[in-house]
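Visitor: heads up, no residue letters with this:
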C-alpha cells in the first residue's frame, strides 16, 4: 500500500510516507535473480534512506520481513541490503532486535515450512548485525 500523506488512524500509529519508486525497489530487491540486479536495487534503497526519502526504521522493518521469504534470491537481496544499511546508517542493535522479535515470532499457527523460514530469517538478521 502506498501512502501519499501521513495518516493517523489512532493517536499512536502514524503511517510512513513512502514514494512508489522506493516501494518498487523493495520489490525488485526481492525479485533479483543475479548479483548485479540485487546490488543495484539495494543501492537504490540505501540511497533513498540516505536522502531521507524513507525512514531507516521502516526500511529495517521491510528488510527483516523480507528475510522470511521462501525464495533464496529474495533472502540474499534483503540480507545484502540490511547488512549495508546497518553499516552505513546509524541504526541501533535494539531497533533491529525489536523488529526481529515483532515480525519473526515462532509459534502459534505457523506451519513447519513457515517456522523454518522464520528461523532462517532470524539467523540472517542477527548475522547482518554482526557484520
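Guide: Happy to help now that I have it. In this text, all values refer to a predicted model and were calculated from it rather than measured experimentally.

Visitor: right, and residue 74 touches residue 28 too?
Guide: No. Applying CB atoms under 8 Å as the test, residue 74 and residue 28 come out as separate, 10.6 Å apart. To be clear about C-beta, it is placed using only N, CA and C from the backbone, and glycine gets the same treatment.

Visitor: if I've got this straight, residue 120 is in a helix?
Guide: Yes. Under DSSP: H, G, I helix; E, B strand; the rest coil, residue 120 sits within a helix.

Visitor: contacting residues for it?
Guide: Contacts for residue 120 (CB atoms under 8 Å, 6 or more residues apart in numbering) come out as 67-68, 75.

Visitor: Looking at those, which is nearest residue 98?
Guide: residue 67 (14.9 Å; CB to CB).

Visitor: what's the closest non-adjacent residue to the closest one?
Guide: Of all residues not flanking residue 67 in the chain, residue 121 sits nearest, at 3.8 Å (CB to CB, 6 or more residues apart in numbering).

Visitor: Now do the same contact list for the one you found.
Guide: By CB under 8 Å, 6+ apart, the contact list for residue 121 reads 64, 67-68, 75, 100, 104.

Visitor: Mind checking which of the contacts of residue 120 land in helices?
Guide: Members of the contacts of residue 120 lying in helices (criterion: DSSP state H): 67, 75.

Visitor: Tell me the helix or strand right after the one helix or strand in the chain whose mean pLDDT sits lowest.
Guide: Least confident helix or strand of the chain, by mean pLDDT, DSSP states H and E, is helix 20-31 with a mean of 87. The helix or strand immediately downstream of helix 20-31 is helix 35-50, counting by DSSP states H and E.
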